[in-house]
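Asks: model this:
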Amino acid sequence: MRTATVANEFAKMRHLRVGWFLGLLLIGVVAVTVFSWVSMIASADTPAPDDHVWRSVLAGLGLATTLLAPVLLAVLASRQVEIEHRGNGWILSAVSGATPGRLCRAKFLALGSLVVAVAIASCLLLVAFGLAAGAQAPVPVGRWLAYTASVAVVHLAVLAFHLLLSARVENQLVCLGVGVLGVLLGTFGAALPVWARHLTPWGYYALITPADYVGAELVYLDPHHTSVIALAVVGGGLFLVTTARFDRQEA
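Replies: As a prediction, the model looks like this:
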């Protein structure tokens, strides 16, 4: 992968207002999480245990991520690819040596690095919020680190899928519609059998949910970290194979 190709993708972002959507993802996830936390605290009719703050923040974070990430990742991928469809960018890049597959990989590296940074930043801000909210129990560092790593992997898998879809389908409304469908699959994923959640990248948002209500009690859950590792390996492999096919088809 040429560094210049990736750098060129960052340059394109300045004209596509990608920063606005990344900021919306960051602020939206934090804001919805805080709102969910306030709602949980207000509805509690019994004294909360010491670690209730962390459980409620993590539960709210899982919900906020599932509600916002699928659509905003679809928008980010669509904007980064749509410019190639509009201005014959695929042909111009191929002439300069950046084949369609290589261009998709460059877009993934550029956008993916920023998406991971947003995932890390949102978790750090919410840890700071939990401390400011008066959490008495120690920060469950292991759970926060595991969720941050897991959600970064799922974000990247969803982003890779949408980059490939946007590259294949010129009508970007189709891609955005798939993003909306992803919200539904992620939100109602908890109601599906575990095997069914593994069938789509959005189902993994339900698999990595760190905390949720079981009956009337808010408890920590056991996320499927092994499944996330498998998603990274299989998803990464499929992305590389598919982009390599893009190169051969153009050749």
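
Asks: drop to CA atoms for contacts and neighbour counts, all remaining ones
Replies: Will do.

Asks: tell me the contacts of the closest residue to residue 98 other than its chain neighbours?
Replies: Leaving out its chain neighbours, the residue that sits closest to residue 98 by C-alpha to C-alpha, 6 or more residues apart in numbering is residue 5, at 7.2 Å. Going by C-alpha atoms under 8 Å, 6 or more residues apart in numbering, residue 5 touches 98, 103, 106.

Asks: so which of the residues you listed comes closest to residue 233?
Replies: Closest approach to residue 233 among those (C-alpha to C-alpha): residue 106, at 18.8 Å.

Asks: Helices of the stretch 51-200 of the chain, residue ranges please.
Replies: 52-86, 89-95, 100-132, 141-168, 172-187, 194-197 (DSSP state H, counting those that start in this stretch).

Asks: Buried ones in the first one, by neighbour count?
Replies: It refers to helix 52-86. Going by neighbour count (16 or more other C-alpha atoms under 10 Å), the buried part of helix 52-86 is 52-82, 84-85.

Asks: Ok, the last one next?
Replies: When burial is assessed from 16+ other C-alpha under 10 Å, helix 194-197 yields the following buried residues: residue 197.

Asks: which strands and helices sit next to that helix?
Replies: helix 203-207 (3 or more C-alpha pairs under 8 Å, 6 or more residues apart in numbering; DSSP states H and E).

Asks: Touching the helix it packs on from outside, list them.
Replies: With contacts defined as C-alpha under 8 Å, 6+ apart, helix 203-207 is touched by 62, 65-66, 151, 154, 185-187, 189-190, 194, 196-198, 223-224, 228.

Asks: what about the helix or strand following that helix, distance to the chain center?
Replies: The C-terminal neighbour of helix 203-207 among helices and strands, as given by DSSP states H and E, is strand 211-214. Taking C-alpha atoms, centre = their mean, to the nearest Å, one finds strand 211-214 lying 21 Å from the centre of the chain it belongs to.

Asks: pLDDT on strand 211-214, on average?
Replies: For strand 211-214, mean pLDDT is 86.

Asks: mind listing what that strand pairs with, with the direction of each?
Replies: Neighbouring strands of strand 211-214 in its sheet, by DSSP bridges, are strand 217-220 (antiparallel).

Asks: Show me what secondary structure element comes after the strand it pairs with.
Replies: Strand 217-220 is succeeded, C-terminally, by helix 225-250 (DSSP H and E).

Asks: So for residue 59, what's the nearest residue that isn't a sequence neighbour?
Replies: In space, and not counting its chain neighbours, residue 59 is closest to residue 211: 4.6 Å by C-alpha to C-alpha, 6+ apart.

Asks: Against residue 58, how distant is the one you found?
Replies: Distance, residue 211 to residue 58, by C-alpha to C-alpha, to the nearest Å: 6 Å.

Asks: same thing with residue 51?
Replies: Remark: distance between residue 51 and residue 58 (C-alpha to C-alpha) = 11 Å.

Asks: any weak-confidence spans in the stretch 51-200 of the chain?
Replies: Along the stretch 51-200 of the chain, the model assigns pLDDT under 70 to residues 87, 89.

Asks: The same query, at a cut-off of 50, please.
Replies: Residues of the stretch 51-200 of the chain meeting the criterion pLDDT under 50: none.

Asks: So residue 205 versus residue 108, what's the distance?
Replies: Distance, residue 205 to residue 108, using C-alpha to C-alpha: 20 Å.

Asks: More neighbours: which of these two?
Replies: The neighbour comparison of residue 205 against residue 108 (other C-alpha atoms under 10 Å) goes to residue 205, with 32 against 23.

Asks: Quick check, pLDDT for residue 245.
Replies: In this prediction, residue 245 carries a pLDDT score of 90.

Asks: and it, what is it in contact with?
Replies: Going by C-alpha under 8 Å, 6+ apart, residue 245 touches residue 101.
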